[in-house]
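**Student:** got a sequence here, can you model it:
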Amino acid sequence: MYAKNTESGGYLTKQVRRAFQHVMLDEKDSDCGTNKAIPFTLTEDNIKLFMNRYIVDKNNELVLLTDDNKSKYIDKKVKIRSPMYCIGDKICNKCAGELYYKLGINNIGIMCEVASGVLMNRSMKAFHDSSIRMTEIDVDSYISPIK
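**Tutor:** Sure thing, here's the model as predicted:
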């Protein structure tokens, strides 16, 4: 059963790679002009997940979320640009944010494989436990005297 789980996880990772391998970033500073964004409330706990992403401010201007301006948006509902709503042939800079450009990653489709690999590894760790356990055994209760 466990081998099947590993096999299945590996197969799903390969499927994800094939499905998203063509997803590329567009040129730096590109903007597809989509009018859709994800409404989200930023908090102290989750704001780090959205750093270097573009949000739509009250004047419909795009603002890059950075350490310098993040305090303005904590506990506020914002609209975050997302690759899910990108209408360009490639994922534009404003929908993708700045992180991938800073890291020099152009083929962002392969990043999906990282997530599926993490899920597969967690699944494998769930049934491959390498921790050491100690159990005290009362040996005397198993030994009978020799007659």
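
**Student:** for the closest residue to residue 97 other than its chain neighbours, give me its contacts.
**Tutor:** Once flanking residues are discounted, residue 97 sits nearest to residue 53: 3.9 Å by CB to CB, 6 or more residues apart in numbering. (C-beta placed from N, C-alpha, C; glycine too.) Contact analysis of residue 53 by CB atoms under 8 Å, 6 or more residues apart in numbering lists 64, 65, 80, 81, 97, 98, 99.

**Student:** do the same with residue 95
**Tutor:** By CB under 8 Å, 6+ apart, the contact list for residue 95 reads 32, 34, 54, 81, 82, 83, 85, 86, 88.

**Student:** care to break the protein down by domain?
**Tutor:** As recorded under automatic domain parsing, the domains making up the chain are 1-23+107-127, 24-104.

**Student:** which parts of this structure are helices?
**Tutor:** 2-20, 93-96, 99-103, 111-127 (DSSP state H).

**Student:** gap between the residue lying closest to residue 57 once chain neighbours are set aside and residue 15?
**Tutor:** Among residues not flanking residue 57 along the chain, residue 63 sits closest, at 5.0 Å (CB to CB, 6+ apart). Note on residue 63: its distance to residue 15, by CB to CB, to the nearest Å, is 37 Å.

**Student:** which of those two has more neighbours?
**Tutor:** Neighbour count, other CB atoms under 10 Å: between residue 63 and residue 15, residue 63 has more, with 16 against 11.

**Student:** many thanks, have a good one.
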